[in-house]
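[1] Quick check, what structure comes out for this input:
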Amino acid sequence: PFHPRPLPGGFPGMAAAAAAPPAEGARLAKFGTPISFGPPAGEGPPEAAVLWLHGFGDQPEGWAQLLRPLRRATSQRWRWLHLRAPPLPQPCYKGKPLPGWGLFHSIACIHVGNRDYEDEDEAGCYAASVLAVHAEIARLEREEGVPPAKVLVCGFSQGAAVAVESVLTYEHKLAGCIALSGWLTRRARAALTQKRHAGLPFLLCHGTRDDMVGMDCAKAALKVFKEAADDATAKSVTLELFKGMEHSSCPRELKLVGSFVHKALSSAGAESLPELKVPEWEPGGTALGSDDEAVAGEDEDEDEGESESADGDVGEGDTIFVAGRTLDALRAQLKVGGDVEVALIRELLEFDGLAEGEVLAPVDCEVLVAAEVDADDIDASLRKHGAKVVAEAFLRAADEAALAGDGEDLTVGGLRDLADGSSADEGELGEEEMLEEDEEEAQAQDEDEEDGDDGEDAGERPAKRQRSE
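    Purely as a prediction, here's the structure:
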């Protein structure tokens, strides 16, 4: 393993950067099964390889899907490996195992100088991940015949931090590195002073409104490259900032990624290469839609943007409960960026499959109402805002409820007991009301058919939706 030495009088935190180098005989992280694309075995060695590390709490499937148009537009003789982080007990979530390349000690945004930025990696998790990436690069050369000079290592967020460190500390010079919304670890900063791989190209990308890894981390990284690296490497580093982008990606960033990969791995010289065109990523392409596409086409006959109100619907001043574990999963997905799973949002209010002791989290409905998110009609909110906006609204509402102390600790079993008690109080009157509503609904439908009216009375729809739930 490579042992970095500190740069006296260098950038902030440099003096202690070598405090936790990878120890001799350090363990290798046990990654999960990667997602692999490229030529089948027996059809000759791949011409090049791309290793991609996803973000904290995420899985490789998201980036594998997002980069599918790029794989189609580039050589089919390249090997693409989307590595899978192992589950690690995360201190920031009270030891809950989540996929990660290292440990996070706080859920706060990473900024230059704070604990996660200056992490000494006492548990050795980052070091183990770096060594495992090195082992994968060595395997590509040994088993598939891909030389290190044709291997590109890329990552997002925590994956970007490990990607940079892996490239800087590998024994051979690689094709380059792409780091999206990441930062430089202490060992990466120290490794730059060794000037081992002159002219190694890096693409650093960051959003100006990133609330998970601050933009100051990207600016600090560029400064370190300029001050500590060799002249050739300093000139080969590009930092691109994207105005208004949060901890995620955007069309222009993806196009830059595609261009960088194309130039770094193509056989012809970069100067003679034509510009890479990815049809799906061009204006009017099909691969850069919003989260709304995940639910597009469902109930398209409903009026969009309509506002409904009915007895039993939640509104301002109410507190509802959602599945606590699902809420944590959404929080983790938002922390790492990328796509938010629509299924997770729907599961927030689905308790049928949960154990009696499963803990529920209170949510302040006033926050949801302010964000125009309807807890009684999640699908309508998803169509209107997209998955990420809806997820963020639920997290803000949960945080507000927690700060205000709204709602006592409640389990699924406790909620069911409350519901059973409420049903007993209602007695047979509730059933009679339901029957009356059914009769009124049927009568109204008959009248619509007689009048030839294809529409539906908006006043009836909340009641119908309420019963179906």
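[2] what about the stretch 101-250 of the chain, any weak spots by pLDDT?
    Scanning the stretch 101-250 of the chain for pLDDT under 70 picks out nothing.
[3] Contacts for stretch 127-137, please.
    If you take Cβ atoms under 8 Å, 6 or more residues apart in numbering as the criterion, stretch 127-137 is touched by 1, 20-23, 26-31, 51, 53, 81, 83, 85, 101-102, 121, 148, 151, 153, 162-163, 165-166, 169-171, 174, 187. Where you see a C-beta, it was placed from the backbone N, CA and C, and this is true even at glycine.
[4] what helix or strand does residue 382 sit in?
    helix 378-385 (DSSP states H and E).
[5] Residue 375 too?
    Going by DSSP H and E, residue 375 is not in any helix or strand.
[6] likewise residue 416?
    Using DSSP H and E, the element containing residue 416 is helix 412-451.
[7] Now do the contacts for residue 341.
    Residue 341 touches 333, 387, counting by Cβ under 8 Å, 6+ apart.
[8] Now do the phi/psi pair for it.
    phi -70, psi 120 (degrees, to the nearest 10).
[9] tell me, how many neighbours does the closest residue to residue 411 other than its chain neighbours end up with?
    Here the nearest residue to residue 411 in space, its sequence neighbours aside, is residue 357; by Cβ to Cβ, 6 or more residues apart in numbering that works out to 5.4 Å. Per other Cβ atoms under 10 Å, the neighbour tally for residue 357 reads 9.
[10] next one: residue 72
    Residues near residue 72, counting by other Cβ under 10 Å: 12.
[11] Check the closest residue to residue 355 other than its chain neighbours and give its pLDDT.
    Spatial nearest neighbour of residue 355, chain neighbours left out: residue 412 (6.7 Å); criterion: Cβ to Cβ, 6+ apart. pLDDT for residue 412: 81.
[12] Tell me how far residue 412 lies from residue 349.
    In this view, residue 412 and residue 349 are 12 Å apart by Cβ to Cβ, to the nearest Å.
[13] Pick out whichever of the two has more residues nearby.
    Neighbour tally, residue 412 and residue 349, criterion other Cβ under 10 Å: the higher count belongs to residue 412, 20 against 17.
[14] show me what contacts that one?
    So residue 412 contacts 351, 354-358, 360 (Cβ under 8 Å, 6+ apart).
[15] Most neighbours among the residues you listed, which one?
    Counting by other Cβ under 10 Å, top hit in those: residue 360 with 23 neighbours.
[16] which helices and strands does the strand or helix carrying it pack with?
    Element membership of residue 360, judged by DSSP H and E, is strand 359-364. Strand 359-364 sits against strand 319-323, helix 324-336, helix 387-404, strand 410-411, with contacts defined as 3 or more Cβ pairs under 8 Å, 6 or more residues apart in numbering; DSSP states H and E.
[17] Dump the ones you listed into TSV; add distance to residue 369 as well.
    Output for these, formatted as TSV (distance: least, Cβ to Cβ, whole Å):
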stretch	distance to residue 369
strand 319-323	12
helix 324-336	18
helix 387-404	9
strand 410-411	21
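[18] Including mean neighbour count, could these go into TSV?
    Conversion of those to TSV gives the following (neighbours: other Cβ atoms under 10 Å):
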stretch	mean neighbour count
strand 319-323	20
helix 324-336	21
helix 387-404	20
strand 410-411	17
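[19] closest to residue 194 out of these?
    Of all these, helix 324-336 sits nearest to residue 194, with 30.0 Å by Cβ to Cβ.
[20] looking just at contacts, which helices and strands does the helix or strand following that closest one meet?
    Counting by DSSP H and E, the element after helix 324-336 in chain order, helix or strand, is helix 342-347. When contacts are defined as 3+ Cβ pairs under 8 Å, 6+ apart, helix 342-347 sits against helix 324-336, helix 378-385, helix 387-404.
[21] Which one, of those, ends up nearest to residue 260?
    Short answer: helix 324-336, nearest of the helices and strands packed on helix 342-347 by Cβ to Cβ, at 21.4 Å.
[22] mind exporting that closest one as CSV, just the C-alpha atoms?
    Extracted in CSV, the C-alpha atoms of helix 324-336 (Å, rounded to 0.1, in the frame of the first residue of the first chain):
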residue,chain,number,x,y,z
GLY,A,324,-39.9,5.5,10.0
ARG,A,325,-37.6,3.0,8.3
THR,A,326,-38.8,4.1,4.8
LEU,A,327,-38.3,7.7,5.8
ASP,A,328,-34.7,6.9,6.7
ALA,A,329,-34.2,5.2,3.4
LEU,A,330,-35.5,8.3,1.5
ARG,A,331,-33.2,10.5,3.6
ALA,A,332,-30.2,8.3,2.6
GLN,A,333,-31.2,8.4,-1.1
LEU,A,334,-31.4,12.2,-1.0
LYS,A,335,-28.0,12.5,0.8
VAL,A,336,-26.3,10.6,-2.1
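[23] Give me the helices and strands touching it, please.
    Right, helix 324-336 is packed against helix 342-347, strand 359-364, helix 387-404 by 3+ Cβ pairs under 8 Å, 6+ apart.
[24] Let's have these in TSV, adding mean pLDDT.
    Conversion of those to TSV gives the following (pLDDT from 0 to 100):
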stretch	mean pLDDT
helix 342-347	86
strand 359-364	88
helix 387-404	84
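[25] residues contacting residue 357?
    Contacts of residue 357 by Cβ under 8 Å, 6+ apart are 411-413.
[26] show me where the stretch 201-350 of the chain has helices.
    Remark: helices assigned in the stretch 201-350 of the chain by DSSP state H, counting those that start in this stretch are 215-228, 231-235, 251-265, 324-336, 342-347.
[27] Out of those helices, flag the one nearest residue 96.
    helix 324-336 (7.2 Å).
[28] Nearest to residue 227 among the helices and strands packed on helix 342-347 would be which one?
    Residue 227 lies closest to helix 324-336 among the helices and strands packed on helix 342-347, at 29.5 Å (Cβ to Cβ).
[29] Now tell me what touches the closest one from outside.
    For helix 324-336, using Cβ under 8 Å, 6+ apart, the contacting residues are 54-58, 93, 96, 98, 107, 156-158, 212, 247, 339-341, 344-345, 347-348, 358-361, 388, 391-392, 394-395, 398.
[30] Which members of those are classed as buried?
    Buried members of the contacts of helix 324-336, counted by 16 or more other Cβ atoms under 10 Å: 54-58, 98, 156-158, 212, 247, 339-341, 344-345, 347-348, 358, 360-361, 388, 391-392, 394-395, 398.
[31] Much appreciated, bye for now.
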